[in-house]
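Novice: Quick one: sequence plus predicted model below, questions after.
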Amino acid sequence: MIYLMHIMFDEHPFKVFEETEWQEERELLQREMGVAFSTRAKDGSFMSVEEQIACANEMGLGSVQFDFRNRLPHAVEKASETLSVFHELNDGVSVSIHGETPKIDETTLKIKNAELLAKELDIARSVDAESFTVHPPSIRQDLFDGLDQSMRDRIVSGYCDVFAEKINAAIKEGKRFSVAIENMTLGGEDGAWGQKPEDIKFLIQKIEEMLVGKYDIHPDIAHECVGATIDINHALAGEKEASSIPEVLERWFQELGEYIRVIHLYTPGDANTSLMQKFESTLNLAARYSPAAQLFMESKQKPEVTKHVFASVKNKKL
């Protein structure tokens with residue numbers, strides 16, 4: 001096995017907040033809700049970081065996630081400069097970054113875009129980002145299951161090392177941003193690996209082990225610096241009954257608890273009943289299990305649609 005250390009991370013039990021405690025947390029989560037912009041819009045058009053910033057400024061957002069996916073290296077370099085200026089002018093705004101999807105080299109089983117991810121992580125550190133959302137290694141569930149244990153270990157080790165190295169560098173600088181691993185769409189063997197709560201928790205704890213064992217980071221600090229992004233629509237993929245939404249989501253929040261750093265709630269074309277049901281369930285569960293998480297409406301819509309739906313949800317009386 002790759003990891004020689006077996007650390008009892010269960011010494012960090014998750015607290016479940018009672019109703020008298022989580023009412024106030026729910027109001028705070030709604031009040032501090034931000035927007036996670038997507039590089040690629042629903043209609044296939046692209047949104048530059050400059051356009052994302054312009055929209056964030058117009059909306060007066062206190063928290064915003066910028067998307068670095070689907071950008072060429074020179075565009076990432078330009079985005080770095082743009083975000084540095086934004087950070088200097090808006091140091092009160094909470095910044096998060098969504099990094100590129102880690103892609104696996106099928107020959108070496110290493111992360112073939114590790115250099116790009118390292119650059120994005122450096123940008124996150126430079127702008128004091130609070131979190132860095134990233135997908136698990138990009139591999140189908142059936143392919144991952146078909147590999148022998150040593151090959152799976154190689155994939156996990158190569159993936160974790162990219163993030164552990166940069167988390168360690170941030171800690172040495174006195175910064176504590178969290179790498180937040182996002183759940184993928186449920187789809188059984190046809191879906192990507194990382195579609196179950198236990199997959200995400202497994203990766204989180206392997207990075208914690210690496211921080212402690214390889215970089216001599218205290219377990220409590222390691223525990224703070226790696227967590228999860230829960231995408232609500234990914235978690236609910238395939239669920240057709242509105243009545244089952246709270247139960248399905250509660251399993252995710254129970255399993256990942258305070259590991260959840262970021263929550264994505266997809267923005268449809270209007271503030272419909274389905275969105276409001278998901279929003280209310282998400283607020284209730286986050287307030288009970290993950291009150292320190294940052295809630296974002298993840299939007300692939302045009303700016304005018306994003307503004308309208310965001311305002312409707314943020315101002316909803318619960």
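Specialist: On my side now, so go ahead.
Novice: Excluding its own residues, what touches stretch 309-318? List them.
Specialist: 26, 30-31, 33, 35, 59, 267-271, 275-276, 279-280, 283, 297, 299, 301 (C-beta atoms under 8 Å, 6 or more residues apart in numbering). Quick note: C-beta positions are derived from backbone N, CA and C, even for glycine.
Novice: Now intersect the residues you listed with the helices, please.
Specialist: R26, Q30, R31, M59, L275, M276, F279, E280, L283 (DSSP state H).
Novice: what's the closest of those to I245?
Specialist: E280 (9.6 Å; C-beta to C-beta).
Novice: which SS state does the residue nearest to S96 when sequence neighbours are not counted fall under?
Specialist: Of all residues not flanking S96 in the chain, Q65 sits nearest, at 3.9 Å (C-beta to C-beta, 6 or more residues apart in numbering). With DSSP: H, G, I helix; E, B strand; the rest coil as the basis, Q65 sits in strand.
Novice: Now do Q65 against E165, distance only.
Specialist: 23 Å (C-beta to C-beta, to the nearest Å).
Novice: Between those two, point out the one with more neighbours.
Specialist: Between Q65 and E165, counted using other C-beta atoms under 10 Å, the more crowded position is Q65 (29 against 17).
Novice: Residue ranges in the stretch 1-150 of the chain under the pLDDT threshold?
Specialist: 1-21 (pLDDT under 70).
Novice: can you rerun that using 90?
Specialist: 1-24, 41-45, 48, 70-80, 91, 104-110, 139-146 (pLDDT under 90).
Novice: just the strands in it please.
Specialist: Listed in chain order, the strands of the stretch 1-150 of the chain (DSSP state E, counting those that start in this stretch) span 34-37, 63-67, 94-98, 131-134.
Novice: angle of the third one against strand 63-67?
Specialist: With axes from the mean of the first three to the mean of the last three C-alpha atoms, to 10 degrees as the criterion, the two stretches strand 94-98 and strand 63-67 enclose an angle of 20 degrees.
Novice: what packs against strand 94-98?
Specialist: On a contact count with 3 or more C-beta pairs under 8 Å, 6 or more residues apart in numbering; DSSP states H and E, strand 94-98 meets strand 34-37, strand 63-67, helix 73-89, helix 114-126, strand 131-134, strand 294-299.
Novice: still on that earlier bit, among the contacts of stretch 309-318, name the buried ones.
Specialist: 26, 30, 33, 35, 59, 267-268, 271, 275, 279-280, 283, 297, 299, 301 (16 or more other C-beta atoms under 10 Å).
Novice: on that earlier part again, verify the stated contact: the residue nearest to S96 with V35.
Specialist: Yes. Counting by C-beta atoms under 8 Å, V35 is a contact partner of Q65 at 7.3 Å.
Novice: buried ones in the longest helix along the chain?
Specialist: In the chain, taking DSSP H as the definition, the longest helix is helix 149-172. Buried residues in helix 149-172, counted by 16+ other C-beta under 10 Å: 152-168, 170-171.
Novice: for that helix, the distance to its chain's centre please.
Specialist: Taking C-alpha atoms, centre = their mean, to the nearest Å, the mean C-alpha location of helix 149-172 is offset from the chain mean by 17 Å.
Novice: mind saving the C-alpha coords of it as CSV?
Specialist: The C-alpha trace of helix 149-172 is given here as CSV (Å, rounded to 0.1, in the frame of the first residue of the first chain):
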residue,chain,number,x,y,z
GLN,A,149,-5.4,-2.3,-6.2
SER,A,150,-1.9,-1.1,-7.0
MET,A,151,-3.1,0.8,-10.0
ARG,A,152,-5.9,2.4,-8.0
ASP,A,153,-3.3,3.4,-5.4
ARG,A,154,-1.1,5.0,-8.0
ILE,A,155,-4.0,7.1,-9.3
VAL,A,156,-5.0,8.2,-5.8
SER,A,157,-1.4,8.9,-4.7
GLY,A,158,-0.6,11.0,-7.8
TYR,A,159,-3.8,13.0,-7.4
CYS,A,160,-3.4,13.6,-3.7
ASP,A,161,0.2,14.7,-4.1
VAL,A,162,-0.7,17.6,-6.4
PHE,A,163,-2.9,19.1,-3.7
ALA,A,164,-1.0,18.2,-0.6
GLU,A,165,2.2,19.9,-1.9
LYS,A,166,0.3,23.2,-2.5
ILE,A,167,-1.6,23.0,0.8
ASN,A,168,1.7,22.6,2.5
ALA,A,169,3.1,25.6,0.7
ALA,A,170,0.1,27.7,1.7
ILE,A,171,0.4,26.6,5.4
LYS,A,172,4.1,27.6,5.4
